[in-house]
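> Just the structure for this:
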Amino acid sequence: MSQPQPHRPEPLSAAARVTGAAKDLADDFRRSDRPFKIRTGIVGTWVLLALVSFWIACPPTGPSNSLGAEARLDAGGIMGTQVLVENGGDRHWTDVAFTLDGAWRAERRTVRAGDKLVLGLSTFSRDGQPPPPETQPKLLRIDCAEGHTSLKLGPSR
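Numbers count the residues shown, from 1 in each chain. The predicted model follows:
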């Protein structure tokens, strides 16, 4: 005859363990005295304010588009108006077309990850003609095999 196996409870999942621990902590807090609750509230408020301050002071950096592109306008320099473009992403762009204000276009076969380009206004054309030298573009659209993005052109820093 075989002996019956003793009943063993199944191990709790991680979520159940965390929930149980949170309930235990809440019960302990409810049973604690008033000065402890006040000190806990002060420390909790201080931690919350510190975290919010860090979040405000250290905003996320880097490009915020799928290509990792950044662009700035360098106007009025010795070389005339130029558009500075950076591939801040981790992949190359292939079959790239740059379009200024929906009208003027320049093309590149490849822009490597991490590359920085300086595109003078004379690089762009529409119907075989470059834009007038006094053109101050406001928007750059980048189209490539990896995707596309539109960037507002602000002054370089």
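> For the rest of this, base every contact and every neighbour count on C-alpha atoms.
Noted.
> which outside residues touch the helix or strand of the chain with the lowest mean pLDDT?
Ranked by mean pLDDT, DSSP states H and E, the weakest helix or strand in the chain is strand 69-77, scoring a mean of 84. Here strand 69-77 makes contact (Cα atoms under 8 Å, 6 or more residues apart in numbering) with 63, 81-89, 136-137, 140, 149, 151-156.
> same thing but at 7 Å, please
Outside strand 69-77, the residues within contact range by Cα atoms under 7 Å, 6 or more residues apart in numbering are 63, 81-89, 151, 153-156.
> Give me the buried subset of those residues.
Buried residues within the contacts of strand 69-77, counting neighbours by 16 or more other Cα atoms under 10 Å: Thr81, Gln82, Val83, Leu84, Val85, Glu86, Asn87, Gly88, Gly89, Leu151, Leu153.
> How about the secondary structure of Leu67?
coil (DSSP: H, G, I helix; E, B strand; the rest coil).
> residues near it, how many?
The number of residues packed around Leu67, counting by other Cα atoms under 10 Å, is 22.
> what helix or strand is the residue nearest the centre of the chain on?
Nearest to the geometric centre of the chain sits Ser64, at 4.0 Å (Cα atoms, centre = their mean). Under DSSP states H and E, no helix or strand contains Ser64.
> Please renumber the chain so that the first residue is 22 from this point on.
OK, 22 is where the count begins now, so the last one is Ser85.
> For it, give its distance to Ala37.
Remark: distance between Ser85 and Ala37 (Cα to Cα, to the nearest Å) = 38 Å.
> now swap in Asp148 and tell me
Per Cα to Cα, Asp148 is found 67 Å from Ala37.
> With secondary structure and distance to Val132 as extra columns, can I get the buried ones among the contacts of strand 90-98 in a markdown table?
Below are these laid out as a markdown table (DSSP: H, G, I helix; E, B strand; the rest coil; distance: Cα to Cα, whole Å):
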| residue | secondary structure | distance to Val132 |
| --- | --- | --- |
| Thr102 | strand | 21 |
| Gln103 | strand | 17 |
| Val104 | strand | 15 |
| Leu105 | strand | 13 |
| Val106 | strand | 10 |
| Glu107 | strand | 9 |
| Asn108 | strand | 7 |
| Gly109 | coil | 11 |
| Gly110 | coil | 11 |
| Leu172 | strand | 17 |
| Leu174 | coil | 19 |
